[in-house]
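*Asks:* Quick one, fold the following:
(2 chains)
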Amino acid sequence: MAEDFHHALKFKYDLCIGCSHCTGVCPTSAIHVEDGHPVLDPNRCVDCGRCYVACPMNAIYIEQDDFQTVYDYQYPVLLVPSIFLAQFEEKIRERTILSALLHLGFKYVYEVEKSVDFLKEYLRRDMEGGQAPCEKPVISSFCPAIVRLIQVKFPVLVDNIYLSKAPFDMTAEYIKKSLLEQGVKEEDIGIFYVSPCAAKIAAIKSPVGEEKSPVSGVINMNYLYSKVMRVIKTGEYQMCDESVRFHRLSKASITYPLTGGETKMLRTGRNLAIDDIHNVSEFLEKVEDEDIQDIDFLELRACDGSCCGGILTAENRFLMIERQRKRMQKCSEEVDAEDNDLLNYFDYLADKRHVGTVEPRSMDKMDDNVAVAMQKMKRAFEINQNLPQVDCHLCGYPSCKALADAVVNDKAQIQQCIFVQRAMEHYDLLTPKEAHDISAKVWGSKKTDPSIAKNLNL
Amino acid sequence: MNFVYHVEGGDFTNAGSTSSQVKRMLKKIGVSPEIVKKTVVALYEAEVNIVAHAYRGDITVDLEEDHIKIVLDDEGPGIPDIDRAMQKGYSTASQKVREMGFGAGMGLPNIKNNSDSLNITSEVGKGTRIELINYFQ
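*Replies:* A predicted model of the protein is given here:
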């Protein structure tokens, strides 16, 4: 078994009330409840962040590097997705935001999408040339939650993943190269990526199909938004010179983080853009079934509204999309190397744009041994047929099917199902006390405390 | 393990549901992605053939530790000349059907390419029986 995935999503058990809302929304059934708290299966979780959004207690947090590490470097560089700017109201100008970022201690600020024109060129060469770069439909590897989803849930499709690095990786490579050329020492360069989601963080901490990311640290987008807002509101920054500005970006670069950003770059073929992980799952199921054929390219993104819907963005996604579109309208179609120095590094970046192979790591496999797996599958099928299919979560698992699978893997007992409990009590196979204790094991002693009955004056 | 699935001729809405279910089982027992894919391609093609051409059919799936055997039995028009039908590009589809992009004569060859063992028997006016086996190693 390959090393576990790194996960950026963590639970705060002191805040968690064990409501299990996270369990129900997980697209890979990675969460179940034990002793009143969620337990994450690290081999299933794809860091999409649906649980983070669903949690009513803010008991799920996204790890980030200590902001102080920015000051460990002589050349701290901020690598920020263009949608970062779309979080701010129109009255806050780009130059104000940039000034605030520089005030926070960054020596340079670059937008991630600086490398989009470079990637566009290669995407067109790969897709519009004679030979597809991999199996069709070619699936974009831009969204790391989708890459992981394919690994665990649709292993048949791993060969369809387009093995190209994402814009943040390419821009980071460029930043490093250009600073080294200016004589800056490698150990003095600190590249800090601002992430709109958990999946990007996880991808940097344990890259799939890549050795090491050129990014030195990650800052959560909402955290930096708050920091910038504070600087702006207190007015403690120095407004930077007119000549200091964000680099000009092309229309395609600004569109890139929105749904359709990649497919719009292609001029030929059947190319589809789908956002929201549940929509993507539904579609990939059909692709895997051979039900959908003759598609050339799939742009798939885990969040509704693509990166503007990232769980770490501070503003409503619809407003962000609107602002991003407005900015796009002001941009020109093409930007030359004078405006975007990265384009001078075409050949250098071309050597670095590929990622290694992505391995399947099926979450559905019931056992490493086929014979044992078959027995387990058969038993789980029989158990599931006797379960109520209510998917009530009261056993601690997201569905009856998930409970049946857990039972055959000795991770749960069938008596956790309250319908089974009732049936067993009916035949005196279980005492009410025993049934209570089983539920207490799942939901914790607090929720199942018999004094609840007294408190309710029953 | 044995499973039987019923397929109704003409029910294009549910065409492919058997291959989808078989796919899920193969994933659960840890069959390699290449073999899952191959089996899905062969079964999907054969399943859709029943939906498109036959009145009804049964698909019997026999899942063993080292292989899967699938038997598709249909009541339908049958295939008059199996050898010819197995040739790439041979099709009985009318010009009208071909213009719509169907009937390219790749159906049976595609099943053959994606199965380790294939046996087709047919009786005109009665039906067709397709037996295919894929090994996991």
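*Asks:* Could you check how far the most centrally placed residue in chain B is from A:Glu290?
*Replies:* For chain B, the residue nearest the mean C-alpha position is B:Ala46 (1.6 Å; C-alpha atoms, centre = their mean). Using C-beta to C-beta, to the nearest Å, one gets 12 Å for the distance from B:Ala46 to A:Glu290. The C-beta positions use only the backbone N, C-alpha and C, and glycine is treated the same way.
*Asks:* And B:Glu8, by the same measure?
*Replies:* For B:Glu8, the distance to A:Glu290 - C-beta to C-beta - is 20 Å.
*Asks:* Those two: who's more crowded?
*Replies:* Higher neighbour count among B:Glu8 and A:Glu290: A:Glu290, with 20 against 15, using other C-beta atoms under 10 Å in any protein chain shown.
*Asks:* The closest residue to the more buried one other than its chain neighbours: which element?
*Replies:* Sequence neighbours aside, B:Tyr44 is the residue nearest to A:Glu290 in space, at 4.4 Å (criterion: C-beta to C-beta, 6 or more residues apart in numbering or on different chains). Element membership for B:Tyr44, per DSSP states H and E: helix B:33-53.
*Asks:* Please export the C-alpha coordinates of that helix as CSV.
*Replies:* Provided in CSV are the C-alpha atoms of helix B:33-53 (Å, rounded to 0.1, in the frame of the first residue of the first chain):
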residue,chain,number,x,y,z
PRO,B,33,-8.2,-1.3,-13.7
GLU,B,34,-7.2,-2.5,-17.1
ILE,B,35,-9.3,-5.7,-16.7
VAL,B,36,-12.2,-3.8,-15.2
LYS,B,37,-12.2,-1.5,-18.2
LYS,B,38,-11.9,-4.3,-20.8
THR,B,39,-14.8,-6.2,-19.2
VAL,B,40,-17.0,-3.2,-19.0
VAL,B,41,-16.3,-2.4,-22.7
ALA,B,42,-17.2,-5.9,-23.8
LEU,B,43,-20.2,-6.3,-21.6
TYR,B,44,-21.6,-2.8,-22.3
GLU,B,45,-21.4,-3.5,-26.1
ALA,B,46,-23.1,-6.9,-25.7
GLU,B,47,-25.7,-5.5,-23.3
VAL,B,48,-26.6,-2.6,-25.6
ASN,B,49,-26.9,-5.1,-28.5
ILE,B,50,-29.8,-6.8,-26.6
VAL,B,51,-31.5,-3.5,-25.9
ALA,B,52,-31.1,-2.4,-29.6
HIS,B,53,-31.9,-5.6,-31.4
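*Asks:* List the buried residues for it?
*Replies:* Using 16 or more other C-beta atoms under 10 Å in any protein chain shown as the test for burial, helix B:33-53 gives B:33, B:35-51, B:53.
*Asks:* same question, stretch B:102-110
*Replies:* B:Gly103, B:Gly105, B:Gly107, B:Leu108, B:Pro109, B:Asn110.
*Asks:* what residues are up against the fourth one?
*Replies:* Translated: B:Leu108. B:Ala85, B:Met86, B:Ile120 (C-beta atoms under 8 Å, 6 or more residues apart in numbering or on different chains).
*Asks:* now the strands for the chain?
*Replies:* Since you didn't name a chain, this refers to chain A. Using DSSP state E, the strands of chain A run over A:9-11, A:31-34, A:37-40, A:60-62, A:75-80, A:108-111, A:138-139, A:189-195, A:217-220, A:271-275, A:297-301.
*Asks:* The chain in question should be chain B.
*Replies:* Going by DSSP E, chain B shows strands at B:2-8, B:56-63, B:67-75, B:117-123, B:127-135.
*Asks:* From the chain's centroid, how far away is the last one?
*Replies:* In this case it means strand B:127-135. Between the centre of strand B:127-135 and the centre of its chain there are 7 Å (C-alpha atoms, centre = their mean, to the nearest Å).
*Asks:* Kindly export that strand (C-alpha atoms) in CSV.
*Replies:* Listed next in CSV are the C-alpha coordinates belonging to strand B:127-135 (Å, rounded to 0.1, in the frame of the first residue of the first chain):
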residue,chain,number,x,y,z
GLY,B,127,-32.1,-15.5,-30.4
THR,B,128,-28.4,-15.2,-29.6
ARG,B,129,-26.2,-16.5,-26.9
ILE,B,130,-22.9,-14.8,-26.2
GLU,B,131,-20.5,-16.3,-23.7
LEU,B,132,-17.4,-14.4,-22.7
ILE,B,133,-14.7,-15.0,-20.2
ASN,B,134,-12.1,-12.6,-18.9
TYR,B,135,-9.2,-13.7,-16.6
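*Asks:* Let me know which of the strands of chain B is the nearest to chain A.
*Replies:* strand B:56-63 (6.8 Å; C-beta to the nearest C-beta).
*Asks:* now that closest one: mean pLDDT?
*Replies:* Averaging pLDDT along strand B:56-63 gives 96.
*Asks:* got the contact list for the residue positioned nearest the centre of chain A?
*Replies:* Closest residue to the average C-alpha location of chain A: A:Ala199 at 2.6 Å, with C-alpha atoms, centre = their mean. Taking C-beta under 8 Å, 6+ apart, we find A:Ala199 in contact with A:Ala8, A:Val46, A:Asp47, A:Cys48, A:Gly49, A:Cys143, A:Pro144, A:Ala145, A:Arg148, A:Ala302.
*Asks:* want to try CSV for those residues, with neighbour count and distance to chain B as columns?
*Replies:* Below are the contacts of A:Ala199 laid out as CSV (neighbours: other C-beta atoms under 10 Å in any protein chain shown; distance: C-beta to the nearest C-beta, whole Å):
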residue, neighbour count, distance to chain B
A:Ala8, 26, 27
A:Val46, 30, 16
A:Asp47, 27, 22
A:Cys48, 30, 20
A:Gly49, 25, 25
A:Cys143, 27, 21
A:Pro144, 23, 20
A:Ala145, 26, 20
A:Arg148, 24, 16
A:Ala302, 32, 21
